[in-house]
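*Asks:* missing the sequence, but the structure's below:
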């Protein structure tokens, strides 16, 4: 049974940095895509970044490109989201997600493509 557990959220001032972690367990993730999504109050869940577990290929939402970096640690089975130059509009609950099967070079950006989700971690950016 796949489990994803996020951590690292909190309160940070605008312009600051924070790193989120997602501990993945329950199977090997070769061929999986791992993604970060976020959901602000009253808004739909939106794509942030994704990574192919096998190849490390990445894709980012335009709103975070150049500020956020997704990465993995194969030994710890953990996915990270390094967030720099945070802005108030980055405030949201951040979710880690896993999509099974064959995502070697094109990790998907669509919510519907992901099969497993973590419980979320809150990030609040103050002005």
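*Replies:* Everything's here; your move. These numbers were taken from a predicted model, which means no experiment stands behind them.
*Asks:* can we go C-alpha only for contacts and neighbour counts from here?
*Replies:* Noted.
*Asks:* Using the three-state scheme, assign the residue most central in space within the chain.
*Replies:* Within the chain, the residue whose C-alpha comes closest to the C-alpha centroid is residue 36; the distance, by C-alpha atoms, centre = their mean, is 2.0 Å. What DSSP: H, G, I helix; E, B strand; the rest coil gives for residue 36 is strand.
*Asks:* contacting residues around it?
*Replies:* 47-50, 81, 94-97 (C-alpha atoms under 8 Å, 6 or more residues apart in numbering).
*Asks:* how near is residue 83 to residue 21?
*Replies:* 11 Å (C-alpha to C-alpha, to the nearest Å).
*Asks:* residues in contact with stretch 102-116?
*Replies:* Counting by C-alpha under 8 Å, 6+ apart, stretch 102-116 makes contact with 2-4, 31-35, 37, 45-55, 57-59, 97-100, all of which sit outside it.
*Asks:* Among those, name the buried ones.
*Replies:* Among these, those that count as buried by neighbour count (16 or more other C-alpha atoms under 10 Å) are 3-4, 31-35, 37, 45-54, 57-59, 97-99.
*Asks:* Could you tell me what pLDDT the model assigned to the closest residue to residue 96 other than its chain neighbours?
*Replies:* Nearest in space to residue 96, with sequence neighbours left out and distances taken as C-alpha to C-alpha, 6 or more residues apart in numbering, is residue 36 at 4.7 Å. The predicted local distance difference test score for residue 36 is 98.
*Asks:* Kindly state the beta-bridge partners for residue 36.
*Replies:* On the basis of DSSP bridges, residue 36 is bridged to residue 49, residue 96.
*Asks:* Residue 121: neighbour count?
*Replies:* Neighbour count of residue 121, defined by other C-alpha atoms under 10 Å: 21.
*Asks:* what are the bridge partners for it, then?
*Replies:* Checking residue 121 by DSSP bridges, which sets the bridge assignment, gives partners residue 94.
*Asks:* quick one: it and residue 78, what's the gap?
*Replies:* 15 Å.
*Asks:* do residue 44 as well
*Replies:* Taking C-alpha to C-alpha as the measure, residue 44 and residue 78 are separated by 26 Å.
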